[in-house]
Structures are given as structure tokens and as C-alpha cells.
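In: Sequence and predicted model, in that order:
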Amino acid sequence: MFAIHLGGGDENAVLRPLEPWHAEEYFAHIERGREYIGRFIGLAAAAEDLDAARAFLQSYADKQAADAGRIYGIWLDGTLVGGVLFRLFDAKAGTCEVGCWLEQSAVGRGLVTRAARVLIDWAVDERGIRRVEWLVASGNTASINVAKRLGMTRDGVRREAYEYRGARHDQEIWSVLAPEWRESR
């Protein structure tokens, strides 16, 4: 399968599809980073055991088959350390939502920003997506900073938009439009 080198000084950082047959590796990755990854998103909770991890990856294989989403892993020195995804993808409407996660050991290298750029380039250039969204908990400063580095605009805040870990959380909506994306390159 393909692997895209992410560059940026990390010669051994690659982006490639994350598929159901990666379930054991994915589950081990989630176990290593469960608390850190789960601070703001429920991704870790969706992989509470190996079967759940496999089912989660299968759900994205099904989304990809329906052209409704995709998931990719970020490997650093041969170890899965995070990923990026099209949580939602609607080519007909010209919109998608990009998301990410990363275990703490890989933070601060720009891996998510570089990987998200690959996804956005593909969505805009190959699929004709007009609006790319990035939804993030207001307290998730690292993810907000990625949205800023990607040149996204903060569209607004959905106050107390969802409950997570027993508390209500505000959710920021960031986006970039295709003409803005092309111009920023």
C-alpha cells in the first residue's frame, strides 16, 4: 500500500491508510496514549479492546467504500503514533471534516499539520471539496493551533455543544475554503 513521507526533518515519518488488519497495532497505540488522546475526544473510548478497535477501523473501511470518510495512520520510525481522518466526507455537497489524534510521545514535531495538509490537498485538488472543516473542543489548544497553522478561519463557537466525561464542552468550528487553500500554497 502507499506511504507518503511527511518530511519536515522526520525522515521516517509516513502517512498511510489505517485499515482493519492494523487493529492490533492500532489498539497497542491507543493503549500507549489512551489518557492523552482521550483528554478531548472519544477516539480512545471507541477502542476499549481489540474487537472494538477492529470494529472502529472497519467502520472507516465501510465509510471509505461509501465515499463518506477515510482514516490514515501516522507512523514514526515504524511505530503508529497518531493519525488524521476525514470524519465526514460529502463530495456531492463539497464539504468534509478533517480530524486528528496523536500520542504524547510524538507531539511537537508538526506531524499532524503536515499530514492534514496532505488530506486537504487531496480533498480540494482531487475531489473538488469547497469547504474543509476542523471541529475542536475550545480547551484543546494544540488542535486549535493546528487549525491556525493550516490557515483556517475560526467560524464560531457552539457553546456547550456536547457532553464528554461528565461535563459540557464548547466546540469551535474552523474552516478553510478551496480558493483560500489554493492561495495559501
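Out: Nice, thanks for sending it over.

In: CA atoms for contacts and neighbours, from now on please.
Out: Noted.

In: Could you report the neighbour count for F86?
Out: Neighbour count of F86, defined by other CA atoms under 10 Å: 26.

In: isn't it right up against R70?
Out: Yes: here F86 reaches R70: they are 5.1 Å apart, a contact under CA atoms under 8 Å.

In: which residue lies farthest from the center of this protein?
Out: Distance from the centre of the chain peaks at G166, with 23.7 Å (CA atoms, centre = their mean).

In: That one and G139, how far apart?
Out: In this structure, G166 and G139 are 15 Å apart, going by CA to CA, to the nearest Å.

In: next one: R70
Out: R70 is 26 Å from G139, by CA to CA.

In: ok, these two, which is more surrounded?
Out: Between R70 and G139, counted using other CA under 10 Å, the more crowded position is R70 (25 against 14).

In: Now do the same contact list for the more buried one.
Out: Counting by CA atoms under 8 Å, 6 or more residues apart in numbering, R70 makes contact with 60-61, 63-64, 85-87.

In: Drop anything exposed from those.
Out: Neighbour-count burial (16 or more other CA atoms under 10 Å) is assigned, among those, to 60-61, 63, 85-87.

In: Pick the one among the residues you listed closest to T113.
Out: Distances from T113 to these, taken as CA to CA, are shortest for L85 (12.3 Å).

In: If you count neighbours, what's buried in the helix or strand the closest one falls within?
Out: Assessed by DSSP states H and E, L85 sits inside strand 79-90. For strand 79-90, the neighbour count (16+ other CA under 10 Å) marks 80-89 as buried.

In: chain center to the helix or strand of the chain with the lowest mean pLDDT: distance?
Out: Between all helices and strands in the chain, the lowest mean by mean pLDDT, DSSP states H and E belongs to strand 4-5, at a mean of 92. On the basis of CA atoms, centre = their mean, to the nearest Å, strand 4-5 sits 16 Å off its chain's mean C-alpha point.
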